[in-house]
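>>> Model the structure of this input:
(chains A and B)
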Amino acid sequence: MTEVLTYKDNKLDFEDMFRKSEKTNGHVASFLRSFREEAAGSFIKSGLPGQNTTKYKYLDLDGLFSREYYYRFQQEIVHFDINHVFKCDIPNMNTKMQILLNGFYYGGQDSLVELQGGVKCGSMLQAAREMPDIFEKYYSKAVGKANDGLVDMNTALWRDGYFIYVPKNGSPGESLQVVNLVLSERNLFLQPRNMIILEEGAELNLVVCDHALSRKLSLSNSVSEIFVGANAKFDYTVLQNDHNSASQINYNFIDQGRDSRVEGNIISLHGGLIRNNHIVKLSGRGAENYLGGLNLTDGDQYIDNYVFVDHAVPDCYSEQFFKGVLDDKARGVFNGRILVQQDAQKTQAYQKNNNILLTDHARMNSNPQLEIYADDVKCTHGATVGQIDEEAMFYLRSRGIPENEARMMMMYGFAEEIIKKIKIDSLRERIEDFIARRLRGEMTRCENCSLLDR
Amino acid sequence: MLIIKDLHAEIDGKEILKGINLELKAGEVHAIMGPNGSGKSTLASVISGRDLVKVTKGKVIYKGNNLLDMSPEARSHAGIFLGFQYPIEIPGVSIINFMKTALNEHRKARGEDAISPSDFLKLMREKKALVEIDSSLVNRSVNEGFSGGEKKRNEIFQMAMLEPELAILDETDSGLDIDALRTVANGVNKLKTPKNATIVITHYQRLLDYIIPDRVHVLYKGRIVKSSGRELAMELEEKGYDWIKKELAND
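Reported below is the predicted structural model:
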């Protein structure tokens, strides 16, 4: 069951795709139909977001979608050695690993896995069948009216993704890891839809690794909804390490309850085109959100981070700290917006974006914004785009450190400010090692994944 | 050890050094004094190899080699150390990592193997004690958030770690209270051997109460206008720089 995603007369033929999709969608939970139809209607009206919007000013989505991709309605059978994938696992890190292969939960969609503390995880589709009450209670609530064609498209067409549920005061006791693999003989379009639910007082550490290994073109448009209940703690690290031919657009919608705490670090080591949307709503008093981002981008790669933090209630804290190193002809975008609503007194919100350009051809557009309607708040924002500090270079060299090594240390130090926030020691050490080798030009992608060599 | 002959240098096309002559032997301590803007820091920059200063004429010979042909790192390997007037903050680079890398580069240049982790820690402990630097400081990023005194202590700590043959201390006393000054000076004195030499650049005589110079030079408008023994520093303290300026005007 494979369809070609077609693009004709300067338009994505979405309607045709949606019709075909609906014909095969009979088995999916019926309550999802109304969401699909509504989203399809919205998309037909709006189409893909254009470059006339601030949000997508620098990204030519039409150009991206005008290539030919195949879209699958069902899990494709791909033969690969799972042991190779397990090498992606972080040494000495106890994690429960789950795999999404081309956007579908791999390893059985027929039942959710139950872990310690009542934690359940598995296929999104299966969650809709197996836990309909929970599923219906949360599904699409964080997305709400997204006013974004790509989100509508995902809602209208998604076929699977991963699902994690942590019940009240529960915790799986160890980190969970989700590996997003893209592996195909054809150009592929994929649209995983994921949901993570932490009920009141729950705790979860999650590591997400994006590995598009395919040499073929791939385009992923993924949407994740993350619900963090009152007093719950969610800690996540995303490691993006894709092949140059991979493009990915991610939406993380995070909704936080009272006194909840979320810490996320997004490390973008490699990828042809990466667009991350971090959309955070602080809807319970005392909620805290920390978001860190680091990208090392070179060649013709493109990295684009969009952040929107909505301080809807008083006494919340948010901090976004994104850093980028851009080499060769790489392009980068940071677009951050903090909204402090009228009632959100005593808000603390800080946003920072610092970048180093290593060549005259690399380009970075940074646009941090604050929009404040309350009068008793502490907010700052700022952005820098610059070169390596020559004074500091001289300082290091005057102590006997050769120029190349000094430059390496400077870049590494620049990255370290983000990396040091990663709490899982073995993961942080692994990422430090990745970054050191990436900066030395010794690594283009996660070399432990030898899938390509088969 | 160091011979400077008729050194002329400019920054952004403006001539700052206008014919410096200086000779320094192993075991000596020389002080270079002078009013602001006389070219003291520019001289330190030329010796350490900062490329914003352009040498237009003259020679700098260090241990028989033409120093001006050498990169800053090669000068460091050859035993030259500059204590910065304004030490640079480098976020994300820990002092430990910085010093380990620097030390191993020095060893590599001498054809030695990298230092073992236990020997490195031992060395760190020993040198930290010498300059009375707070242990928690060395785990932090280089100079980041350090007070003025901590930055200067850190310079002397680095000097102790690298054991240079020729140290140039550029205004190491500025921004130090009297206790910190004494500690820093003690550190310098303890590192003194008959084989190494020190150039102390200072505006005030104060530091020279603790680090006793063999020679004192007065730099004024890009030239060394007076050289004498330690007593010159005292005289300057008493009479100020105007005395020299007047004397020159009368010549």
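
>>> Just to be sure, A:Ser426 is in a helix?
Yes: counting by DSSP: H, G, I helix; E, B strand; the rest coil, A:Ser426 is found in a helix.

>>> Can you tell me how far A:Asp255 is from A:Ala230?
Computed as CB to CB, to the nearest Å, the A:Asp255 to A:Ala230 distance reads 12 Å. Backbone N, C-alpha and C define where each C-beta goes, glycine included.

>>> Report the secondary structure element holding the closest residue to chain A within chain B.
As assessed by CB to the nearest CB, chain A sits closest to B:Gly92 within chain B, at 2.9 Å. Element membership of B:Gly92 [criterion: DSSP states H and E] is strand B:90-94.

>>> one step back: run through the residues that contact the nearest residue to the residue of chain B closest to chain A once chain neighbours are set aside.
Excluding the flanking residues, the one nearest B:Gly92 by CB to CB, 6 or more residues apart in numbering or on different chains is A:Gly413, at 2.9 Å. With contact taken as CB atoms under 8 Å, 6 or more residues apart in numbering or on different chains, A:Gly413 is in contact with B:Ile90, B:Pro91, B:Gly92, B:Val93, B:Ser141.

>>> follow-up on the earlier one: out of A:Asp255 and A:Ala230, which sits in the busier spot?
Per other CB atoms under 10 Å in any protein chain shown, whichever of A:Asp255 and A:Ala230 has more neighbours is A:Asp255, with 24 against 19.

>>> and the helix or strand bottoming out on mean pLDDT in chain B, which residues are buried?
The weakest-scoring helix or strand in chain B, judged by mean pLDDT, DSSP states H and E, is helix B:242-250 (a mean of 79). For helix B:242-250, the neighbour count (16 or more other CB atoms under 10 Å in any protein chain shown) marks B:Ile244 as buried.

>>> who's in contact with the residue positioned nearest the centre of chain B?
The residue lying closest to the centre of chain B (CA atoms, centre = their mean) is B:Ile168, at 1.9 Å. Going by CB under 8 Å, 6+ apart, B:Ile168 touches B:Ala44, B:Ile47, B:Ser48, B:Ile80, B:Phe81, B:Leu82, B:Gly83, B:Thr198, B:Ile199, B:Ile201.

>>> Look up phi and psi at the residue nearest to it when sequence neighbours are not counted.
Nearest residue to B:Ile168, sequence neighbours excluded (CB to CB, 6+ apart): B:Ile199, at 4.5 Å. Main-chain torsions, B:Ile199, degrees, to the nearest 10: phi -110, psi 120.

>>> What is the neighbour count of B:Ile199?
So B:Ile199, with other CB under 10 Å, has 26 neighbours.

>>> how close does it sit to B:Leu67?
From B:Ile199 to B:Leu67 the distance is 13 Å (CB to CB).

>>> shared neighbours, the two?
Here B:Ile199 and B:Leu67 have B:Ile47 as joint contacts, going by CB under 8 Å, 6+ apart.

>>> re the thing from before, quick check: the residue of chain B closest to chain A touching A:Glu417?
Yes: with contact defined as CB atoms under 8 Å, B:Gly92 and A:Glu417 form a contacting pair (5.1 Å).

>>> Could you pull out the helices in the stretch 1-150 of chain A for me?
For the stretch 1-150 of chain A, helices defined by DSSP state H, counting those that start in this stretch occupy the ranges A:14-23, A:32-46, A:61-65, A:82-86, A:124-130, A:132-138, A:149-157.

>>> Comparing those helices, which yields the minimum mean pLDDT?
With a mean of 57, helix A:82-86 has the lowest mean pLDDT of those.
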